[in-house]
Each structure stands twice: as C-alpha cells, then as structure tokens.
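A.B. asks: Sequence first, predicted coordinates after that:
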Amino acid sequence: MASRRSILLLRRLHRVTAIRIIRGYRTVSHASATALAASPQWELRALALKKRYTHRRVWHPEEDPTEQAAPNDIGTAEEDTWDRWRSQLINEGGEHRGAEAVLPNWEAWRSRHGLPLTFRMTQILTGHGVF
C-alpha cells in the first residue's frame, strides 16, 4: 500500500495535468478537473491494473500460445474503474460544480474520446468567469 504522502503527490500531479487538459483555472478542484478531463483517479486505475495482473495466466513455454490467451478482462476492469469513480463523485455530493455538470450524462461524457473543452466551456462548467 502506498503511503499517504505519495498518494497526495500523485493527486496533485493528476490535478495539475487535468487542469491543463481542460484549460481551467488553478482553483478548480481535483474532482471537477478530473471529471471534465474524463480521467479517472490514478489510484483507481492502479487497482484496475492490479486486478488485470492478478487474473492473467502464467505462460508455459511447452503449451500452444493460442490456448494461453489471457482472458479479456480489460473491459471489465475499466468498467469497474469508471463505476467506482462515478459512485465516489456521487457520494461527494454537490461540492464540485464541474462533476455535477457531467454526472447526469456520464456515459455520453466518458465516450467523447478526448474531444477537447474550450476555455469558455470550462469556465461555464466550473462556475468561473463572468458572462
């Protein structure tokens, strides 16, 4: 298990990266920035990778490689990550305006495949700016 200090360092780096992706102000919260960037928490991604690693099969050189194909659990691990992240955002309540804007249309938002947000759209979704 990682130490609290290393988790905080990872979260800070993730927040800064997400804020750059969404072109937001540095006062945007971690939850809002990552939700708008459609980037699940790195701790959750690490858990998904751990799950995939523990479920893979051990390779035996004498067996046929086609029979040793690892089960396709990539999709299920990713789905679990997104579901766990969504439930965390819901449990936090109305603390994060950007996350609130995304939650009603969660599936459409996460399937946008990296389409960028404009600076103005980020301002509207996070409650910054004067219009």
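C.D. replies: It's in.
A.B. asks: who does the helix or strand of the chain with the lowest mean pLDDT touch, helix- and strand-wise?
C.D. replies: Every helix and strand in the chain was compared by mean pLDDT, DSSP states H and E; the lowest is helix 97-102, with a mean of 80. For helix 97-102, the contact count by 3 or more C-beta pairs under 8 Å, 6 or more residues apart in numbering; DSSP states H and E identifies helix 30-37, helix 119-126 as packing neighbours. Placement of C-beta: from N, CA and C, glycine included.
A.B. asks: need the contact list for the residue nearest in space to the middle of the chain.
C.D. replies: Residue closest to the mean C-alpha point of the chain, counted by C-alpha atoms, centre = their mean, is residue 40 at 0.8 Å. Counting by C-beta atoms under 8 Å, 6 or more residues apart in numbering, residue 40 makes contact with 34, 81, 82, 85.
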